[in-house]
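Novice: Dropping a prediction and its sequence here:
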Amino acid sequence: MQAISTIKQKNIMSNAAWFLILGVSFINLYFNTNAKDPFNTPKLIALLIIAGWCFGHLFKSIKDNYTRLTTIEFYFLIVVSAFLFFSSISALYSDNWVVALVGDMQRRNGLFAYLSLSIILLFASRIINFEYALRIYKVAIINGLLFSLYGLVQISGNDFISWNNPYNAIISTVGNPNFASAIMAVFAILSISAVLIKEISVYFKVIAICTLGCCLTAIVLSNSRQGLVSFTFALCFLLSVYFYFNRRSVGIVIIIISTFGSVLAIMGMLQKGPLDLLYKASVSIRGYYWDAGVQMFLRNPVTGVGIDSYGFYFKEYRQSQYPLNYGFEITSSNAHNTFIQLFATGGFFVGFTYLCLVLSILIVGLKSVKKLTGSNQLVLLGILSSWVAFQAQSIISIDNIGISIWGWLLSGAVIGLARATNNIEGHEVNPQLALKKQKSVEPFQFIVSTIVLAPILICSVYLLRSETDSYKASGVGSNLSPEQKNYIYDFSYKVTENPLADQNYKLSAAYSLYQAGYIEESSKLIKNFAAEFPRNEAILIAASELEEYDGNIKEAISYRKKLSVIDPWGAKNYLKILQLYKLIGDVDSAKEYRDKILSFAADTEIAKIAVKELG
């Protein structure tokens, strides 16, 4: 009976491992062309559902084995729990609970996303062993091949979808060439490692070589430096660690060369040294993003400005030189550095626990690689190196769900393989013995997962409707028939009444109503939004323009002054206030705003217009 129970338990674990790994692959490849944001919100919905189902397995596993948790498992459970606890506290203090929970538009890095990613990490840390790690390689290789081939189809001009894409054509299934090149760097490192692992069949090694070639080709053609830099850095890490632990003298030479090359690469990205070809203007602009994030943290050290709320505070904390260099209307909704982003939006404890998590994974991974030999060492080192590629891109990029889902799975895999390494050495109990008392996981796991999935499905329906209704409301055009006007009215109001709809979607729906002739209804909605979302620049501008159109100049000025609080370097806004004051004959106030413009933007065209306005 015990043998039958153990076999049944092993089958359940095997099926759960397949579900986890294939689910991660599905999230990466999934998009929805009928959504206003076809990439991020659909991936969030898929992430929520997959993590919700995995939670039942995770809860059952911890419940039945909490007294047998290894030191490694217990430590990471505490760190991840602390990260989620402090993130929840920050979410409670956020200005907008919808953004805090589901994330900002076209980002979706709210509390729900990090909660789901944490479940993925913890579940992977409990279930991944060296046998299941090979499944990660195989699924990632096939995923990478499909992902990169689609990117190559896009750059060839034969994409079967007409994306509204202002970037390089290679966006694959993540919507941006930088994101695409970053995740392909991860797949490329896994492909290299797979070729070296003897347990992986020749068939999959051939596929891995094809994946490597397609990924590197697509990375180069994407014209995105971060994918190439992440791949090179991770490859140097893989070679350095492998040779250091197996042929130390060679390893030291590789480490010295890699360190020297990394310094030159960093200098090149800063437009210095012989590798200045690595420089891109987008690299320099990141300095402003990082600085604004640091300022947000320094002035809001405990709870940050609110989970994923960077975009609502960027203009308030940006340097005055930024709009002079890049334009007064250009903004950013992310620090383009995951660590700074979490410190800025979540506060010290969120950023610190995440930093502890990352450093601990690196240390535990390296210690475990040192203990191993042969194929097991290559399996773990390949997983750890691909994780390094993910972390490398996170220093200069955004925590995009399509990428981060692989990063957090790999994080859990490193922890799981570290636990398995200790089991191999006999330092800790065999997990099969620890689980022998479990007769069946299925009923309990099914009940827990179902309970968790119920609210998730409700939230997912609201999120999906906000995307599809927004897409329908904005896609009709002008010269509308009565039927089309009714169509817009119905879908626009569905968006504005959706509790999880993004505030910018609600503003867009109000504009659609206005264009359809529902002027009074649109005006009322926009004014209500201005009161509900006082840090949304687009909504404040819309409310001001409505008041100006109706002849309520003082009310229009009031909205513009609110805007000046969240955008103290907004010269265009100051010019508009000047013009409004001039319109009602308040020349002294108009001069005051002219002087504000001249104080920091004297050499701009806006300053010339301001001076000309007052003679």
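Specialist: Sure, I can see it.
Novice: For the stretch 151-300 of the chain, give me the ranges with low pLDDT.
Specialist: 262-283 (pLDDT under 70).
Novice: Going along the chain, name the helices of it.
Specialist: With helices called from DSSP state H, counting those that start in this stretch, the stretch 151-300 of the chain shows them at 177-196, 202-221, 225-246, 248-269, 281-299.
Novice: what's the most buried one of these?
Specialist: With neighbours taken as mean count of other Cβ atoms under 10 Å, these reach their highest mean count in helix 177-196, at a mean of 27. From N, CA and C alone the C-beta is placed, and that goes for glycine too.
Novice: counting contacts, what elements does that helix pack onto?
Specialist: When contacts are defined as 3 or more Cβ pairs under 8 Å, 6 or more residues apart in numbering; DSSP states H and E, helix 177-196 sits against helix 130-155, helix 202-221, helix 225-246, helix 374-394, helix 401-425.
Novice: Find me the pLDDT at the residue nearest to C214 when sequence neighbours are not counted, would you?
Specialist: Closest residue to C214 apart from its sequence neighbours, by Cβ to Cβ, 6 or more residues apart in numbering: S148 at 3.9 Å. We note a pLDDT of 97 for S148 in this prediction.
Novice: quick one: S148 and S181 touch, right?
Specialist: No: with contacts counted by Cβ atoms under 8 Å, S148 stays clear of S181, the gap being 9.9 Å.
Novice: and for the two, which residues touch both?
Specialist: A218 (Cβ atoms under 8 Å, 6 or more residues apart in numbering).
Novice: Now do the same for the residue lying closest to A234 once chain neighbours are set aside: its pLDDT.
Specialist: Counting by Cβ to Cβ, 6+ apart, A234 lies nearest to A389, which is 3.6 Å off, once chain neighbours are set aside. At A389 the predicted local confidence, pLDDT, stands at 96.
Novice: Give me the neighbour count for A389.
Specialist: 31 (other Cβ atoms under 10 Å).
Novice: mean confidence score for stretch 98-106?
Specialist: 94.
Novice: Over to stretch 580-593?
Specialist: Mean predicted confidence for stretch 580-593 is 95.
Novice: what's the answer for stretch 548-557, then?
Specialist: 94.
Novice: Buried residues of that stretch, list them for me.
Specialist: E548, I553, E555, A556, I557 (16 or more other Cβ atoms under 10 Å).
Novice: what does stretch 484-498 give?
Specialist: K485, Y487, I488, Y489, F491, S492, Y493, K494, V495, T496, N498.
Novice: Extract the CA atoms of stretch 508-524 and return them as CSV.
Specialist: Provided in CSV are the C-alpha atoms of stretch 508-524 (Å, rounded to 0.1, in the frame of the first residue of the first chain):
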residue,chain,number,x,y,z
SER,A,508,-10.9,57.3,-23.3
ALA,A,509,-14.5,56.0,-22.9
ALA,A,510,-15.6,59.5,-21.9
TYR,A,511,-14.0,60.9,-25.0
SER,A,512,-15.8,58.3,-27.1
LEU,A,513,-19.1,59.5,-25.6
TYR,A,514,-18.2,63.1,-26.4
GLN,A,515,-17.4,62.2,-30.0
ALA,A,516,-20.6,60.3,-30.3
GLY,A,517,-22.6,63.4,-29.3
TYR,A,518,-23.2,62.6,-25.6
ILE,A,519,-21.5,65.8,-24.5
GLU,A,520,-23.3,66.4,-21.2
GLU,A,521,-22.7,62.8,-20.1
SER,A,522,-19.1,62.9,-21.1
SER,A,523,-18.5,66.2,-19.3
LYS,A,524,-20.0,64.9,-16.1
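Novice: got the contact list for it?
Specialist: 469-470, 473-474, 476, 478, 480, 484-485, 488-489, 491-493, 495-496, 525-526, 529, 542, 546, 550.
Novice: Check stretch 235-254 too.
Specialist: 189, 192-193, 255, 258, 261-262, 366, 369-370, 377-378, 381-382, 384-385, 388.
Novice: And for stretch 107-119?
Specialist: 40-41, 43-44, 47-48, 50-52, 54-55, 58, 80, 83-84, 87-88, 91, 99-104, 307-308, 311, 333-334, 341, 398-401, 404-405, 408, 459.
Novice: The helix or strand hosting A16: what's the following helix or strand?
Specialist: A16 belongs to helix 2-29 when assigned by DSSP states H and E. Of the helices and strands lying after helix 2-29 in sequence (DSSP H and E), the nearest is helix 40-65.
Novice: Tell me where the longest helix sits in the chain.
Specialist: helix 442-473 (DSSP state H).
Novice: and the next element down the chain from that helix?
Specialist: Counting by DSSP H and E, the element after helix 442-473 in chain order, helix or strand, is helix 482-496.
Novice: packing partners for that following helix?
Specialist: Short answer (3+ Cβ pairs under 8 Å, 6+ apart): helix 482-496 packs on helix 442-473, helix 503-515.
Novice: and R535, which of the ones you listed is closest to it?
Specialist: helix 503-515 (9.5 Å; Cβ to Cβ).
Novice: before we move on, the earlier item: nearest to G615 among the helices and strands packed on helix 177-196 would be which one?
Specialist: Of all the helices and strands packed on helix 177-196, helix 225-246 comes closest under Cβ to Cβ, at 49.2 Å.
Novice: Off-centre distance for the closest one?
Specialist: On the basis of Cα atoms, centre = their mean, to the nearest Å, helix 225-246 is displaced by 23 Å from the centre of the chain it belongs to.
Novice: What of stretch 312-323?
Specialist: Distance, centroid of stretch 312-323 to centroid of chain: 22 Å (Cα atoms, centre = their mean).
Novice: Show me what counts as buried in it.
Specialist: F312, Y313, F314, K315, E316, Y317, R318, Y322, P323.
Novice: show me what contacts the fourth one?
Specialist: Taking Cβ under 8 Å, 6+ apart as the contact definition, K315 lies against T331, E537, I566, D567, P568, W569, G570.
Novice: Now do the contacts for the second one.
Specialist: For E537, the contacting residues are K315, T331, L563, I566, D567, by Cβ under 8 Å, 6+ apart.
Novice: Would you mind measuring from it to Y559?
Specialist: To Y559, E537 is 11 Å away according to Cβ to Cβ, to the nearest Å.
Novice: tell me the domain ranges of this protein?
Specialist: 2-449, 467-613 (automatic domain parsing).
Novice: for the shortest one, the distance to its chain's centre please.
Specialist: From the chain centre to the centre of domain 467-613 is a distance of 29 Å (Cα atoms, centre = their mean).
Novice: burial of the residue nearest to C214, as a residue count?
Specialist: Neighbour tally, S148, other Cβ under 10 Å: 28.
Novice: Show me the shaky parts of the stretch 1-150 of the chain.
Specialist: 1-12.
Novice: Recalculate using a threshold of 80.
Specialist: Flagging of the stretch 1-150 of the chain using pLDDT under 80 yields the residue ranges 1-13, 65-68.
Novice: thinking again about what came up before, next step: the buried residues of stretch 312-323 restricted to helices.
Specialist: Those of the buried residues of stretch 312-323 lying in helices (DSSP H): F314, K315, E316, Y317, Y322, P323.
Novice: isn't A16 right next to G56, touching?
Specialist: No: in this structure, A16 is not within contact of G56 by Cβ under 8 Å, at 9.4 Å.
Novice: Name the residues contacting each of these two.
Specialist: By Cβ under 8 Å, 6+ apart, no residue touches both A16 and G56.
Novice: about what we covered before: out of the helices and strands packed on helix 482-496, which is the most enclosed?
Specialist: helix 503-515 (a mean of 22).
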